[in-house]
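A.B. asks: missing the sequence, but the structure's below:
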DNA sequence: ACCTGAACACCGTTCAAGT
DNA sequence: ACCTGAACACCGTTCAAGT
């Protein structure tokens, strides 16, 4: 079975899901594929490039956003499927600005709300989601390591509260507001 | 000069400021202090504990928040003084929940706005700030490495836009709203 | 073209031994 | 009590050499 870029990304994706960012090393990817570590560098320039590719996989099958609150919920759901993914996506967003999955189309949704600042509005919501889920996943890792007890609290309610507030605040200014929620 | 916990944290803080998270290693901290790496472990349990202490330093001299928007601006300003600090603070928040600096007092500010959900409201704002600044700092690191060109765009305006929207959305529900901004 | 073997310059952490 | 020296089990990346 030939070593390909796709197989390397698959192995990286699986490793991230199962072991988190600490378990996603070039050497382990190589081991998983039964090749020497150096072999990876024939198909991938460096670890950063692999991480970018894996981040793409995580957001690949996000449904096209129809409404901001649903989009935020879907984004969180996709992130929670893979350990440490919020941190990774934040990192990759820094050099692939907003070209990730259906998150890319979020400004289109906000265009109807406020055509002037659709990009800023979408980024505001996304930054909240990433900040929220990053902390959520960091805590989950600490619980897994036995450093923190599982307090059994579901963060979903706090998340929904934040999303509702932000989407409400992103509506056009109070002066000419029409159908705030729907 | 005796090796103390405080001197170790100082060295870690300096290293983070100057070299970022990648430059903050136990071995470099030891080198900076002229001791063997193992010596650190007599004063600090592990790297994680050192990171938590450094995060405390970063937020130590935040002014007490009087108003949400000012608090968000101050938090961003404090974070931007130290490379990679948003990621670090997010990590530390996961196991020292909201015990960091004056950020701790933010719920008090929101209590006047909506006593019911002061904690969630404060966290919503903080998660946005951390998500925003994390991406901002990740981008800055990539520019420093020459991987990304400096596009010269000031993120301050986008940040202010997001903060304004979120704080507006965090007001009590539209039905009984009084003096939304002041 | 594609991969191996071996190396280089690093990591965090532990621990016997010294003082 | 406090620190050194040396080791252990790792990293990402490079590169001559093989096929």
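C.D. replies: Arrived safely, thanks for sending. Remember, predicted model here, so these are calculated numbers, not experimental data.

A.B. asks: Which residues are in contact with whichever residue of chain A sits closest to chain B?
C.D. replies: Nearest residue of chain A to chain B, counting by C-beta to the nearest C-beta: residue A:169, 2.4 Å away. C-beta: built from backbone N, CA, C; applies to glycine. By C-beta atoms under 8 Å, 6 or more residues apart in numbering or on different chains, the residues touching residue A:169 are B:164-170.

A.B. asks: So what's the predicted local confidence for it?
C.D. replies: The confidence metric pLDDT takes the value 95 at residue A:169.

A.B. asks: now residue A:179
C.D. replies: 46.

A.B. asks: do residue A:175 as well
C.D. replies: Predicted confidence (pLDDT) at residue A:175: the value is 48.

A.B. asks: which parts of chain A sit against chain B?
C.D. replies: Residues of chain A lying near chain B by C-beta under 8 Å from any C-beta of the partner chain: A:87, A:90-91, A:93-95, A:117, A:120-121, A:123-124, A:126-132, A:134-135, A:138-139, A:141-142, A:147-148, A:158, A:161-162, A:164-170, A:174, A:180.

A.B. asks: and these, which of them are in helices?
C.D. replies: Under the assignment DSSP state H, the residues of chain A next to chain B contribute A:87, A:90-91, A:93, A:120-121, A:123-124, A:126-132, A:134-135, A:138-139, A:141-142, A:158, A:161-162, A:164-169 to helices.

A.B. asks: Show me what counts as buried in the helix or strand of chain A with the lowest mean pLDDT.
C.D. replies: None of the helices or strands of chain A scores lower by mean pLDDT, DSSP states H and E than helix A:106-113, at a mean of 86. Within helix A:106-113, the residues scored as buried using 16 or more other C-beta atoms under 10 Å in any protein chain shown are A:106-107, A:109-110.

A.B. asks: any idea how far the residue of chain A closest to chain B is from residue B:165?
C.D. replies: Separation of residue A:169 from residue B:165 (C-beta to C-beta, to the nearest Å): 4 Å.

A.B. asks: Same question for residue A:46.
C.D. replies: For residue A:46 relative to residue B:165 (C-beta to C-beta), the value is 38 Å.

A.B. asks: The two: which has the busier surroundings?
C.D. replies: Between residue A:46 and residue B:165, counted using other C-beta atoms under 10 Å in any protein chain shown, the more crowded position is residue B:165 (25 against 10).

A.B. asks: these two touch, right, the more buried one and residue A:124?
C.D. replies: Yes. Using C-beta atoms under 8 Å, residue B:165 is in contact with residue A:124, at 5.9 Å.

A.B. asks: Now list whatever residues contact both of the two.
C.D. replies: In contact with both residue B:165 and residue A:124: A:166, A:170, using C-beta under 8 Å, 6+ apart.

A.B. asks: who in chain A is up against DNA strand C?
C.D. replies: A:2-3, A:34-39, A:42-43 (C-beta under 7 Å from any atom of the strand).

A.B. asks: cutoff 6 Å now
C.D. replies: Proximity of chain A to DNA strand C, by C-beta under 6 Å from any atom of the strand, involves residues A:2-3, A:35-39, A:42.

A.B. asks: Which ones among those lie within helices?
C.D. replies: Judged by DSSP H, the subset of the residues of chain A next to DNA strand C located in helices is A:37-39.

A.B. asks: what's the burial count for residue A:67?
C.D. replies: 11.

A.B. asks: what's near enough to touch it?
C.D. replies: residue A:109.

A.B. asks: just to revisit the earlier point, of all the residues of chain A next to DNA strand C, which two lie farthest apart?
C.D. replies: Within those, A:2 and A:37 form the most distant pair, 17.5 Å apart (C-beta to C-beta).

A.B. asks: Show me which of these two is the more surrounded one.
C.D. replies: Neighbours around residue A:2 and residue A:37, counted as other C-beta under 10 Å, are more numerous at residue A:37. The numbers are 13 against 4.

A.B. asks: Look up the closest residue to the more buried one, ignoring the ones flanking it.
C.D. replies: residue A:30 (4.4 Å; C-beta to C-beta, 6 or more residues apart in numbering or on different chains).

A.B. asks: what's near enough to touch the one you found?
C.D. replies: A:36-37, A:39-40.

A.B. asks: Can you tell me the SS state at it?
C.D. replies: For residue A:30, the assignment made with DSSP: H, G, I helix; E, B strand; the rest coil gives helix.

A.B. asks: Endpoints of stretch A:106-119, how far apart?
C.D. replies: End-to-end distance for stretch A:106-119, by C-alpha to C-alpha, to the nearest Å: 8 Å.

A.B. asks: One more: stretch A:109-125?
C.D. replies: 12 Å.

A.B. asks: now that stretch: how far from the chain's centre is it?
C.D. replies: 19 Å (C-alpha atoms, centre = their mean, to the nearest Å).

A.B. asks: what does that stretch rub up against?
C.D. replies: With C-beta under 8 Å, 6+ apart as the criterion, stretch A:109-125 contacts A:65-68, A:71-72, A:98, A:106-108, A:163, A:166-167, A:170-172, B:128, B:132, B:158, B:161-162, B:165-166.

A.B. asks: I'm done for today, thanks for sticking with me.
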